[in-house]
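*Asks:* Got a sequence here, can you build the structure:
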Amino acid sequence: MPLLNALVRTLAIMRKEFIHVRRDPRTLTIVIILPIFQLIMFGYAVTSDVKDLPLAVFDQDRTAASRALIAAYRHSGYFDIAYYVTSHDEIAYLIDSGRARAGLTIPPGYSERLARRERAEVSFIIDGSDPTTANTALSAATAIGQAHGADLLQEAIRRGGTLPGLLPGVEVRTRVWYNPNMQSAYYMVPALIGLILQTLTALLTAVAIVREREQGTLESLIVTPIRSIELILGKIVPYVVLAFMDTILILIVGTYWFHVPINGSVALLLALAVLFLMSSLGIGLLVSSAARTQQEAMMMAFFTILPSVFLSGFMFPIAAMPIALQWFSKVIPLTYFLVIDRGIVLKGNGIAILMPQVITLAVLGTIILSLAVLRFRKRLE
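*Replies:* Numbering: from 1, shown residues only. Next up is the predicted model:
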């Protein structure tokens with residue numbers, strides 16, 4: 001009998017909790033939508049497959065033979081011929097800015113060497129700032145050149161043979177920029193700056209404000225002479241300071257422990273981080289204005305951080321994702337800050353090259369922060 005009574009009481013508590021969940025649409029939404037959202041991201045975004053990498057081509061030969069080689073790279077599925085350039089400097093600019101991930105240079109006389117049954121060399125430059133993508137691109141570039149050379153050899157034999165030792169073919173000379181040894185630390189350490197900035201400012205800001213509301217002290221602050229904008233600044237600025245302290249700490253540890261080179265301006269990186277913090281702070285304020293408890297605030301903040309981790313290029317290449325997720329990544333502020341962050345640290349980029357990302361990040365940050373401040377002030381009033 002005591003066991004039966006204990007079971008009845010336990011079932012009553014369980015029934016109460018299920019009723020509470022059913023009557024709380026926010027919790028119910030998180031319980032249902034979050035697993036589905038995670039499944040979609042893990043299923044489509046978590047992939048190291050590389051395809052359609054933007055490739056810049058400098059064709060100095062401009063013959064049918066050079067066009068056949070370019071077509072071989074296009075039809076491989078690994079590369080997308082995104083740019084035809086007229087100089088090596090253009091290739092360098094496109095790779096520095098992140099618009100191209102690789103560059104193919106076909107020298108003059110390429111077709112003549114093939115016609116003389118000589119091996120023709122081409123140059124292939126790869127952006128090594130992302131080791132996973134660079135490894136695949138390196139293997140693919142070499143394999144495509146070898147396969148095209150084998151096709152040329154078969155064609156030469158079919159047309160009348162070739163002398164021993166005179167085998168026409170293509171030799172791909174590859175070079176990896178920015179991260180020649182393709183160390184993963186070079187890729188991940190700079191990216192952690194953006195992730196930590198977002199996590200600290202969004203999560204801690206949301207939780208801190210909701211904690212004040214839970215404890216009843218937020219209402220006490222509202223009735224004081226403090227204006228709403230002063231209250232907002234007073235709550236968020238300390239976490240901005242902490243975020244910048246962590247940023248500097250990551251740069252120091254990354255440089256002296258992981259030997260990650262800082263090729264650009266740290267001052268520029270910190271200045272542009274302010275633009276990124278506008279969106280992160282906006283997310284924290286939006287969460288704080290919607291959540292009623294600290295637990296709910298943490299779950300909602302996690303729901304916003306999760307897409308940033310998987311869809312921004314933090315861990316997995318955006319080019320490998322489905323088109324729909326690639327478009328979704330364009331509205332994630334971390335996507336643009338990672339380009340800025342890695343560009344400054346690994347490539348030594350200046351403000352001129354990073355201007356498209358800077359403008360986009362400023363627009364997104366202004367929109368998100370403005371909406372958040374307006375909603376939060378309305379909630380306070």
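
*Asks:* Spatially nearest residue to the spatially most central residue of the chain (excluding sequence neighbours)?
*Replies:* Centroid-nearest residue in the chain: G313, 2.1 Å away (criterion: CA atoms, centre = their mean). Spatial nearest neighbour of G313, excluding adjacent residues (CB to CB, 6 or more residues apart in numbering): L338 at 5.4 Å. From N, CA and C alone the C-beta is placed, and that goes for glycine too.

*Asks:* residue contacts, the one you found?
*Replies:* The neighbourhood of L338, defined by CB atoms under 8 Å, 6 or more residues apart in numbering, consists of 190-191, 194, 312-314.

*Asks:* continuing past the helix or strand harbouring it, what's the next helix or strand?
*Replies:* Secondary structure from DSSP states H and E places L338 in helix 333-342. Sequence order places helix 355-380 as the next helix or strand after helix 333-342, per DSSP H and E.

*Asks:* shaky segments in the stretch 201-350 of the chain?
*Replies:* Within the stretch 201-350 of the chain, the segments meeting pLDDT under 70 span 216-226, 228.

*Asks:* In it, what residue spans correspond to helices?
*Replies:* 205-215, 217-222, 228-256, 266-290, 294-311, 323-329, 333-342 (DSSP state H, counting those that start in this stretch).

*Asks:* deepest of those, which one?
*Replies:* Mean neighbour count (mean count of other CB atoms under 10 Å) peaks for helix 333-342 among those, with a mean of 26.

*Asks:* rewinding a little: so for A141, which of the helices of the stretch 201-350 of the chain sits nearest?
*Replies:* Using CB to CB as the measure, helix 333-342 is the one of the helices of the stretch 201-350 of the chain that comes nearest A141, at 21.5 Å.

*Asks:* circling back: top of the contacts of L338 by neighbour count?
*Replies:* G194 (26 neighbours; other CB atoms under 10 Å).

*Asks:* Now do the helix or strand containing that residue and helix 294-311, the angle between them.
*Replies:* In the assignment (DSSP H and E), G194 maps to helix 184-198. Interaxial angle, helix 184-198 versus helix 294-311 (axes from the mean of the first three to the mean of the last three CA atoms, to 10 degrees): 150 degrees.

*Asks:* which residues are contacting helix 184-198?
*Replies:* 128-132, 178-179, 243, 246-247, 250-251, 254, 258-261, 269, 273, 276-277, 280, 283, 305, 308-309, 312, 314, 333-334, 337-338, 341-342, 345-346.

*Asks:* Let's test this: mean pLDDT of the host helix or strand of N5, rounded?
*Replies:* Taking DSSP H and E as the criterion, N5 maps to helix 2-23. Average pLDDT, helix 2-23: 69.

*Asks:* ditto for stretch 58-76
*Replies:* 90.

*Asks:* Now do it: distance to the chain's middle.
*Replies:* Averaged C-alpha coordinates place stretch 58-76 at 31 Å from its chain's average position (CA atoms, centre = their mean, to the nearest Å).

*Asks:* How about stretch 359-372?
*Replies:* In this view, stretch 359-372 has its centroid 18 Å away from the chain centroid, taken as CA atoms, centre = their mean.

*Asks:* quick one: buried residues of it?
*Replies:* Within stretch 359-372, the residues that qualify as buried by neighbour count (16 or more other CB atoms under 10 Å) are 360-362, 364-365, 368-369, 372.

*Asks:* Compute the inter-axis angle for whichever strand or helix holds E155 and helix 184-198.
*Replies:* Taking DSSP H and E as the definition, one finds E155 inside helix 131-160. Angle of helix 131-160 versus helix 184-198, following the same axes, to 10 degrees, is 140 degrees.

*Asks:* Show me what helix 131-160 is packed against.
*Replies:* With contacts taken as 3 or more CB pairs under 8 Å, 6 or more residues apart in numbering; DSSP states H and E, helix 131-160 sits against helix 64-75, strand 102-106, strand 119-127, strand 169-177, helix 184-198.

*Asks:* Can you lay out those as JSON lines showing distance to I232?
*Replies:* Below are the helices and strands packed on helix 131-160 laid out as JSON lines (distance: least, CB to CB, whole Å):
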{"stretch": "helix 64-75", "distance to I232": "52"}
{"stretch": "strand 102-106", "distance to I232": "46"}
{"stretch": "strand 119-127", "distance to I232": "41"}
{"stretch": "strand 169-177", "distance to I232": "44"}
{"stretch": "helix 184-198", "distance to I232": "18"}
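
*Asks:* Out of the ones you listed, which is the most enclosed?
*Replies:* strand 102-106 (a mean of 25).

*Asks:* Now whichever helix or strand comes after it: average pLDDT?
*Replies:* Next helix or strand after strand 102-106 toward the C-terminus (DSSP H and E): helix 110-115. Average pLDDT, helix 110-115: 84.

*Asks:* Just the buried positions in the helix holding E155, please.
*Replies:* Going by neighbour count (16+ other CB under 10 Å), the buried part of helix 131-160 is 131-138, 140-141, 144-145, 148-149, 152, 156.

*Asks:* So what's the gap between it and the chain middle?
*Replies:* 30 Å.

*Asks:* now do stretch 314-328
*Replies:* 8 Å.

*Asks:* Endpoint to endpoint, that stretch covers what distance?
*Replies:* Taking CA to CA, to the nearest Å, stretch 314-328 runs 14 Å from one end to the other.

*Asks:* my guess is V207 contacts Q294, does it?
*Replies:* Yes: using CB atoms under 8 Å, V207 makes contact with Q294 at a distance of 5.3 Å.

*Asks:* what residues are shared contacts of these two?
*Replies:* By CB under 8 Å, 6+ apart, no residue touches both V207 and Q294.

*Asks:* before we move on, back to that, now for the contacts of L338: which two are most distant?
*Replies:* So for the contacts of L338, where distance means CB to CB, the most widely separated pair is P190 and S312, at 13.1 Å.
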